[in-house]
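Participant: sequence plus predicted model, see below.
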Amino acid sequence: MKEVMAEVLFSPEAIAARVKELGAQISKDYEGKELVVVGVLKGSLLFMADLIREIKTPLRYDLIAVSSYGASTSSSGIVRIIKDIDVSIENEHVLVIEDIVDTGLTLRYLITTLSSRQPASLKSCVLLDKPSRRKIEITPDYNGFVIPDRFVVGYGLDFAQRYRQLPMIAVLKPEVYSAEKNGEKEGN
Ligand code: PRP
């Protein structure tokens, strides 16, 4: 799949090192507490799987799937839950795991929705942050890497559901997505 990559932004080793650091920080911050980790499908799957193995505090995890309603998330800002978590988060310490924050609309929706369920605390951990694309002001509590406004794939991130299995995070060659993209949000 090398032929679709314009540039590797983060190698598997760089990702693993940063995930380890995030895990250590989270373990320190939640010492003596139990966490409920909520992974946002589908992009966060690989990140979450690696991150939780670096968290030393006890935790339970669950998964949530969200989708934009009608038009693209970035243009409408209307998000809905496709698959909710099964566990109650009332009085729990909740950490939402995302692969990327772009406009911020998805994360804002998740924070608003989950906070209405009265958790003891609610924080977010994202692997990639694209602050230049933000439409609303929101800052993740934990952040792996700040990236420029490039179309990235790998380590869970997709273009048209593909390339999620790449072990690195890479910039996709514009010619790969320009033909298909057609104004539709396909990834990030
Ligand atoms: C991506 C990503 C976030 C959202 C961020 O999801 O996983 O959930 O977009 O964008 P925003 O900050 O502009 O709201 P996507 O819809 O691509 O789904 P996926 O995780 O299944 O790939």
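Facilitator: Thanks, I have the structure now. Numbering: from 1, shown residues only.

Participant: low-confidence ranges, the chain, go.
Facilitator: 69-77, 179-188 (pLDDT under 70).

Participant: which stretches in it count as strands?
Facilitator: Assigned by DSSP state E, the chain shows strands spanning 5-10, 35-41, 59-68, 79-83, 93-101, 121-129, 142-146, 152-153, 169-172.

Participant: just checking, what packs against the longest one?
Facilitator: Contacts defined by 3 or more CB pairs under 8 Å, 6 or more residues apart in numbering; DSSP states H and E place strand 59-68 against strand 35-41, helix 45-52, helix 73-76, strand 79-83, helix 105-115. Where C-beta positions appear, they are placed from N, C-alpha and C, glycine not excepted.

Participant: mind listing what's buried in the longest one?
Facilitator: In other words, helix 105-115. Under the neighbour-count criterion of 16 or more other CB atoms under 10 Å, helix 105-115 has 105-111, 114 buried.

Participant: how about those residues in a markdown table, adding distance to the ligand?
Facilitator: Listed next are the buried residues of helix 105-115 as a markdown table, based on distance: CB to the nearest ligand atom, whole Å:
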| residue | distance to the ligand |
| --- | --- |
| 105 | 4 |
| 106 | 3 |
| 107 | 6 |
| 108 | 8 |
| 109 | 8 |
| 110 | 8 |
| 111 | 12 |
| 114 | 14 |
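
Participant: still on that earlier bit, do you know which of the helices and strands packed on strand 59-68 lies nearest residue 145?
Facilitator: Closest to residue 145 of the helices and strands packed on strand 59-68 is helix 45-52 (CB to CB; 11.2 Å).

Participant: elements contacting that closest one?
Facilitator: Contacts defined by 3+ CB pairs under 8 Å, 6+ apart place helix 45-52 against helix 12-29, strand 35-41, strand 59-68, strand 93-101.
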